[in-house]
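Asks: Here's a sequence, model it:
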Amino acid sequence: MNPTARGVPARPRAADLEALTPADRNRVVDLVRVGALLVVVLGHWVMQGLWVTDAGVLRRTGMLSTEVWAHPFTWLLQVVPLFFLVGGYVNALSWRRGRERGLPYGEWLAARTARLVRPLLPLLAFWVVAAPGAGHLGLGWDWLRVAGKASWVPTWFLAVYLVVVALTPLTLAWWERSGLRTVLAGVLLAGAVDLVGLVVGGTAGFAVGTLNVLVVWTTLHQLGYAWRDGAVGGQRHRGRAALLVAGALLAAVLLVRLGPYGVSMVGVTGHGVDNSIPPKVTLLLVGLAQVGAVLLLEPRLARVAARPRVWRVTALVGSRMMTVYLWHLTAFGLLAAASLGLDGAGMSAEPGSAAWWWSRPAWFLLLALTAALLVVLLGRFEPVRTRVAAGAPGTAGVRGAVAPLLEVLVVCVVVAALARGGVVDAEGRAVWEWQAFGLAALLLLGAGPVTGSRRLRPGRRSDG
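Replies: Residues are numbered from 1 along each chain as shown. This is a model prediction of the structure:
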């Protein structure tokens, strides 16, 4: 039987996903997304300098705080802008298809958020149990503090991206009216927010700067619309892509050299103004340069993605992207727990030392195996691809959007609390209430694998 007719299997193989891929799919979009994910995973594994002291206490040393020589490399390794580029591309395609079929906004948003939110449920459940239960397993507050913080910090992306997705109808309408002027407006606005924030300074200046959380990432999302509509890239617009690379890089270099900004595009204190917390115009410019480079390389990337073996790996990893993203640092915490149980075996070398660097290949292998096992066990919570059955134009209306919008709100609140404070308080006491609240709220709102929207059904893989 044709796999397309059966829909997507619950545990898809690479061959199944390849068979479900339409001929007109832009495989470069998937290749960029999966490539960026692998860069993020490897970067996090390097930067999370976890080690066990002679006293048997787990410690964390942020690699960028000590290895200043690595700061320029973050211009290549800070690839979160590419996720928003790809997001703009696929969200434009998805919303336009839904709009053509008279799909209510709430049903569309429920389908778009399902794959992002459902993989969060097992992570919440894990920490609901691990936070209060770690002490009974001989794991002290140091493990909870370090492993819990490391596990939750990357989830900031999920909260921000969900907000950007929810705004797609508005931002896409703006793009359809004003085109590339929306990108220029975003760059100018991000620069203005930076200027006001730096002049005001202190807590108030930081509060002003947080406006760029929306401005910076939405602007990169707008470039995804431009890519989808052929306004940048391709043979016709290679000059625009080249100008984007050169102009954005030059502007970023000038701001870093002549202004107060640090060199690192990944958050680090004590080395100039932080470019990423909250995001600054410098990070936006580096992201624009990365986008330009992808567009220039698109023909070559298309040839690479067309290779059967490359595409099978891309499709398989892409089908479990959120599970990989959410669990790759919890895998580090689990290995740290095992090391503590073995008196610090394998984690006694201090980060940055020669012994630490020499041990990285073995640790990367262990991390990859642990993460792969977690993905196999928990990947079932991540829908591979879903389509939404079209409804009558205007049905569900505002009322139908309440639940998915509340899901977005719950994720933002829970993730913000956990990414900021981790799973222990200042006194070292386990804090599990936020995880429990998030888990219960999302299950009640219908994010679970069983209670998800009844209008969701398996469908062919598409760019959306």
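Asks: The stretch 351-464 of the chain: helices as residue ranges?
Replies: According to DSSP state H, counting those that start in this stretch, the stretch 351-464 of the chain carries its helices in the segments 354-358, 360-378, 402-421, 433-445.
Asks: which residue ranges form the helices in the stretch 151-300 of the chain?
Replies: Under DSSP H, counting those that start in this stretch, the stretch 151-300 of the chain gives helices at 156-166, 168-178, 181-200, 202-209, 211-228, 238-258, 281-305.
Asks: To Arg96, which of these lies closest?
Replies: helix 168-178 (7.7 Å; C-beta to C-beta). C-beta coordinates here come from the backbone N, C-alpha and C atoms, glycine included.
Asks: Return the set of buried residues in the closest one.
Replies: Residues Thr168, Thr171, Leu172, Trp174, Trp175 are the ones in helix 168-178 that count as buried (16 or more other C-beta atoms under 10 Å).
Asks: Distance from it to the middle of the chain?
Replies: Put simply, helix 168-178 sits 23 Å off its chain's centre (C-alpha atoms, centre = their mean, to the nearest Å).
Asks: Isn't Leu109 up against Ala166?
Replies: Yes. Taking C-beta atoms under 8 Å as the definition, Leu109 is a contact partner of Ala166 at 6.1 Å.
Asks: Show me whatever sits in contact with both of the two.
Replies: Here Leu109 and Ala166 share the contacting residues Pro404, Leu405, Val408, scored by C-beta atoms under 8 Å, 6 or more residues apart in numbering.
Asks: Give me the buried entries from those.
Replies: Buried among the shared contacts of Leu109 and Ala166 by 16+ other C-beta under 10 Å: Pro404, Leu405, Val408.
Asks: centre of the chain versus stretch 116-127, how much separation?
Replies: 15 Å.
Asks: Would you indicate which residues of that stretch are buried?
Replies: So for stretch 116-127, counting by 16+ other C-beta under 10 Å, buried means Leu116, Val117, Arg118, Pro119, Leu120, Leu121, Pro122, Leu123, Leu124, Ala125, Phe126, Trp127.
Asks: Let's have those in TSV, adding secondary structure and distance to Ala338.
Replies: What follows is those, written out as TSV (DSSP: H, G, I helix; E, B strand; the rest coil; distance: C-beta to C-beta, whole Å):
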residue	secondary structure	distance to Ala338
Leu116	helix	30
Val117	helix	30
Arg118	coil	28
Pro119	coil	24
Leu120	helix	25
Leu121	helix	25
Pro122	helix	20
Leu123	helix	19
Leu124	helix	23
Ala125	helix	21
Phe126	helix	16
Trp127	helix	18
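Asks: and of those residues, the nearest to Glu382?
Replies: Nearest to Glu382 out of the buried residues of stretch 116-127 is Pro119 (C-beta to C-beta; 4.6 Å).
Asks: contacting residues around the residue nearest to Leu123 when sequence neighbours are not counted?
Replies: Distances taken as C-beta to C-beta, 6 or more residues apart in numbering place Leu326 nearest to Leu123, at 5.2 Å, with adjacent residues excluded. Contact analysis of Leu326 by C-beta under 8 Å, 6+ apart lists Pro119, Leu120, Leu123, Pro154, Thr155, Leu158.
Asks: Leu167 versus Leu326, what's the distance?
Replies: 23 Å (C-beta to C-beta, to the nearest Å).
Asks: likewise Leu297?
Replies: Taking C-beta to C-beta, one finds Leu297 at 29 Å from Leu167.
Asks: How about Gly106?
Replies: In terms of C-beta to C-beta, Gly106 sits 14 Å off from Leu167.
Asks: before we move on, what about Thr210?
Replies: In terms of C-beta to C-beta, Thr210 sits 16 Å off from Leu167.
Asks: and if you look at Met347?
Replies: 43 Å.
Asks: hang on, the earlier thing: relative to Pro383, which of the buried ones among the shared contacts of Leu109 and Ala166 is nearest.
Replies: For these, the nearest to Pro383 is Pro404 (14.5 Å; C-beta to C-beta).
Asks: so what's the closest one up against?
Replies: Applying C-beta under 8 Å, 6+ apart, we find Pro404 in contact with Gly106, Leu109, Ala110, Thr113, Ala166, Leu445.
Asks: now do Arg27
Replies: Contacts of Arg27 by C-beta under 8 Å, 6+ apart are Thr21, Ala302, Ala305, Ala306, Trp311, Thr314.
Asks: do that again at 10 Å, thanks
Replies: Residues counted as contacts of Arg27 (C-beta atoms under 10 Å, 6 or more residues apart in numbering) are Thr21, Leu301, Ala302, Val304, Ala305, Ala306, Arg307, Val310, Trp311, Thr314, Ala315, Asp463.
Asks: next one: Pro119
Replies: With C-beta under 10 Å, 6+ apart, Pro119 has these contacts: 158, 320-327, 375, 378-383, 447, 449.
Asks: and these, which are buried?
Replies: 158, 320-327, 375, 378-379, 381-383, 447, 449.
Asks: Make sure Ser319 is actually in contact with Leu37.
Replies: No. Counting by C-beta atoms under 10 Å, Ser319 sits too far from Leu37 to count as a contact (11.9 Å).
Asks: Counting neighbours, go ahead and name the busier of those two.
Replies: Ser319 (25 against 21; other C-beta atoms under 10 Å).
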